[in-house]
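Student: Need coordinates for the following:
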Amino acid sequence: MNHFINLKDNLFNDLRKILIHTKKRKNLRKKLNTLVVDKDKPLKGRLLIQMFEKSSLRTRLSFYLAIKQLGGGALTLRSNELHLGEGGESLEDTAKILSSYGDGFMLRTDSDQKIENFKNYLSIPIINGLSPSSHPTQVLSDIFTVEEIKKKKISKLNITWIGDSNNVLNSLMAASIKFNFKLNIGCPKKYRPKKFILKMLNENYNKINFFNDSKKAAVNADVIFSDKVISLNDKVNKKKKLSEFKSFKVTSELMSYAKKNCTFLHCLPRGTEVEEKVFSSSQSKVWLQAVNRVHVQKSILLYCFGKLR
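Tutor: Predicted coordinates:
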């Protein structure tokens, strides 16, 4: 049994093994319809319980399809459907019930501490489907997409992030350390990752560079990532923040500073942080990026269930 909470906590060899297995398993599905189960049915009879405290489209659909294609089943809960919280059922008791009924637990939450608390009481693996400080399933899937497109290890590539610091960027920084790739971050100075995030990485992150100028961050990039500047639950002056990120929009001009074959990726949903011309261009691989979530998460599930071969 293995948990999948933060990329910094997983061994590099395990992460690489997940990616290698994903490539093999994806190739076996080339002619199969969406709900056709993989021939080997490695998770037959297993139940994944999903709980969402934050809204979700891609994470919810991709984990559902991942467990179904592996031969298992999924049960999806919303936090308001449980007795968890003040005056209700304790987290410890909830974890024991989840462990009794399910074989794995995927949590998308607004609390990093809640994931840690569940981990302490569960006797089944827990997967972080997104938390305030981390989005490991998204970023590991993105690494798979990058290597699939570029046909080389990410350690040989220059990766650039343009935009706000958030949970995806935090996981991308953790991945930069694990996979040893150069990461340029173009972001207004006041919006750079908080000190506790940098401290949490607990490594020499000398391949991570910060730029106040988005064009300088994009120079010689093989891949440019972006994400929404205004998150769903952002409690900020939205008009002011958007204004502060005006020069950090991914435009055709910005892409011209990168390599000619630079790939644009975005985990979605999108806002005003990317020009439509870029988003709809041949350089944009956002739909492949979204589909690959299913394939990578299948291997993550196998890893968590101790079935990765």
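
Student: can you list the domain ranges for this structure.
Tutor: 7-134+293-304, 136-289 (automatic domain parsing).

Student: Tabulate the ones you listed (JSON lines), appending distance to M1.
Tutor: Every C-beta, even on glycine, is put in place using the N, C-alpha and C of the backbone. JSON lines is the format used below for the domains of the chain (distance: least, CB to CB, whole Å):
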{"stretch": "domain 7-134+293-304", "distance to M1": "5"}
{"stretch": "domain 136-289", "distance to M1": "17"}
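
Student: Same list (those domains) but as JSON lines, adding mean pLDDT.
Tutor: Listed next are these as JSON lines, based on pLDDT from 0 to 100:
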{"stretch": "domain 7-134+293-304", "mean pLDDT": "95"}
{"stretch": "domain 136-289", "mean pLDDT": "94"}
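
Student: would you turn those into a markdown table with mean neighbour count?
Tutor: Shown next, in a markdown table, are those (neighbours: other CB atoms under 10 Å):
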| stretch | mean neighbour count |
| --- | --- |
| domain 7-134+293-304 | 17 |
| domain 136-289 | 18 |
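
Student: which one is L130 nearest to, not counting chain neighbours?
Tutor: Closest residue to L130 apart from its sequence neighbours, by CB to CB, 6 or more residues apart in numbering: R108 at 4.7 Å.

Student: what's the closest residue to K207 other than its chain neighbours in contact with, if anything?
Tutor: Nearest residue to K207 in three dimensions, chain neighbours excluded: K182, at 4.9 Å (CB to CB, 6+ apart). Neighbouring residues of K182 by CB atoms under 8 Å, 6 or more residues apart in numbering: 157-159, 176, 207, 209.

Student: So which of these are in helices?
Tutor: The helices, defined by DSSP state H, take in S176 from the contacts of K182.

Student: now the contacts of K182 as CSV including distance to F118?
Tutor: Output for these, formatted as CSV (distance: CB to CB, whole Å):
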residue, distance to F118
L157, 35
N158, 37
I159, 31
S176, 27
K207, 33
N209, 35
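
Student: quick one: Y101 and G73 touch, right?
Tutor: No: between Y101 and G73 there is no contact under CB atoms under 8 Å: 11.6 Å.

Student: what do the two both touch?
Tutor: L47.

Student: Helices of the stretch 1-150 of the chain, residue ranges please.
Tutor: Along the stretch 1-150 of the chain, the segments classed as helices by DSSP state H, counting those that start in this stretch run 12-27, 58-69, 91-101, 112-121, 136-150.

Student: In this structure, which residue sits furthest out from the middle?
Tutor: For the chain, the largest distance from the centre (CA atoms, centre = their mean) belongs to G87, which lies 33.2 Å off.

Student: how close does the residue nearest to K207 sit to Q283?
Tutor: Distance, K182 to Q283, using CB to CB, to the nearest Å: 19 Å.

Student: and what of T76?
Tutor: 35 Å.

Student: Then K31?
Tutor: 28 Å.

Student: Could you measure from the residue nearest to K207 over to F248?
Tutor: 19 Å.

Student: what do you get for L308?
Tutor: L308 is 38 Å from F248, by CB to CB.

Student: how about the strands in the stretch 101-250 of the chain?
Tutor: Under the criterion DSSP state E, counting those that start in this stretch, strands of the stretch 101-250 of the chain are mapped to 104-108, 126-130, 158-162, 182-186, 208-211, 223-226.

Student: If anything else comes up later, I'll come back, but that's it for now.
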